[in-house]
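Need a 3D model of the following:
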Amino acid sequence: MTTVAVLADPPRDGLVLSALAEETPLTQSEATDLYAAMLRDSCRAVEASGGELLVNYRAEEDISDEYEGSQESEAQVRAAVRPALENPDEARFEVQVGSTFAGRVGNTVTHLLEQEGVNTAAAVDPTGPFLARQVIDNAAMKLRRHEVVLGPADAGRVYYAGFANPIDFTDAYEPPAVRTLTERGDDAGLSVDFLPMQPVVETASDLATVLSQLQARERAGRWVPAHTAEFFAESGLDVAASDEGLTLVRN
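Residues are numbered from 1 along each chain as shown. Predicted structure coming up:
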């Protein structure tokens, strides 16, 4: 069983998905709601899988004062995640430790492998909305044969990183993260394998890609992340073609 840590920021305006409010028709509040929806879907996917869910929330003291919330970070993340879980009282919540994303991933994964003795540990960022239960279970199967399993996204990013042994996590997510993490695994003498590529949501282009794929899945009657799909249905966002490529519009 793989322990899967979902590295969650408290859903606060400006702290999460701030680029979307600048580059798309979404307001900052709507971008925050989208982040919360993807966080719920990510946690539910892990809970439904054969893995163990660990919600790894951002420490309040590591968040700039300009993003101060009405609740403490842990309480806000718990409140955001709870509606998505079948057994919310059984979910494990722990604070992140580290000054960078790579450091926080490294501290969590290394602690799980070396201090808690889990067989495999993984880290996911909740901005990958198509992280389904089957993807997590597929990764767990791969981790039986390989010590590092990565889920690549476009622009060299990753939506999933799983480990049977620790690596040197210092700046391990330096772009392109998929190559850097692979190099660190290879440097440690570890076997590396990959999951199918999936999109993540950080930019306007990412958002257009995810929305078009979600619309296609819905039309074909295939699985979609429920909370993310509900957000898009209520947002009125649509994708249109232009000379520059895909453009987001509001119906």
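
my guess is residue 238 meets residue 249, correct?
Yes. Using C-beta atoms under 8 Å, residue 238 is in contact with residue 249, at 5.3 Å. C-beta coordinates here come from the backbone N, C-alpha and C atoms, glycine included.

Quick check: residue 48 touching residue 133?
Yes. Contact criterion C-beta under 8 Å: residue 48 and residue 133 qualify, at 4.4 Å.

rewinding a little: give me the more crowded residue out of residue 238 and residue 249.
For residue 238 versus residue 249, the count of surrounding residues by other C-beta atoms under 10 Å is larger for residue 238: 16 against 13.

check contacts around the more buried one.
Applying C-beta atoms under 8 Å, 6 or more residues apart in numbering, we find residue 238 in contact with 211, 248-251.

Got a PyMOL select line for the buried ones in those residues?
Per 16 or more other C-beta atoms under 10 Å, the buried members of the contacts of residue 238 correspond to this PyMOL selection:
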select buried, resi 211+248
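
Go through the contacts of residue 238 and flag which are in helices.
Using DSSP state H, the members of the contacts of residue 238 that fall in helices are residue 211.

and which of the contacts of residue 238 is nearest residue 57?
For these, the residue nearest residue 57 by C-beta to C-beta is residue 211; the value is 27.3 Å.

Which residue is the nearest non-sequential neighbour of that closest one?
Excluding the flanking residues, the one nearest residue 211 by C-beta to C-beta, 6 or more residues apart in numbering is residue 239, at 5.4 Å.

The one you found touches residue 215, doesn't it?
Yes. Taking contacts as C-beta under 8 Å, residue 239 lies within contact range of residue 215: 7.2 Å.

quick revisit: buried residues, the helix or strand the residue nearest to residue 211 falls within. List them.
Residue 239 is part of strand 237-242 when elements are defined by DSSP states H and E. By 16+ other C-beta under 10 Å, the buried positions in strand 237-242 come out as 237-239.

Flag whichever of the contacts of residue 238 scores worst on pLDDT.
Ranked by pLDDT, those bottom out at residue 251, which has 83.

Looking at the buried residues of strand 237-242, spot the one nearest residue 129.
Taking the buried residues of strand 237-242 together and measuring to residue 129 by C-beta to C-beta, the closest member is residue 237, at 13.7 Å.

what angle sits between the helix or strand of the chain with the lowest mean pLDDT and strand 237-242?
When the helices and strands of the chain are scored by mean pLDDT, DSSP states H and E, strand 245-250 comes last with a mean of 89. Relative orientation of strand 245-250 versus strand 237-242 (axes from the mean of the first three to the mean of the last three C-alpha atoms, to 10 degrees): 140 degrees.

Check which helices and strands strand 245-250 sits against.
helix 204-219, strand 237-242 (3 or more C-beta pairs under 8 Å, 6 or more residues apart in numbering; DSSP states H and E).

run the last query once more with 6 Å
If you count contacts as 3 or more C-beta pairs under 6 Å, 6 or more residues apart in numbering; DSSP states H and E, strand 245-250 packs onto strand 237-242.

Please name the nearest non-neighbouring residue to residue 123.
In this structure, residue 123 finds its nearest non-sequential neighbour in residue 105, 4.4 Å apart by C-beta to C-beta, 6+ apart.

how many neighbours does residue 5 have?
Residue 5 sits with 26 neighbouring residues when counted by other C-beta under 10 Å.

For it, give me phi and psi.
phi -90, psi 120 (degrees, to the nearest 10).

any idea of the pLDDT on it?
The model's pLDDT for residue 5 equals 98.

if I pick it, what's in contact with it?
Listed by C-beta atoms under 6 Å, 6 or more residues apart in numbering, the contact set of residue 5 reads 54, 56, 108, 123.

partners of it in the sheet?
Judged by DSSP bridges, the bridge partners of residue 5 are residue 54, residue 123.
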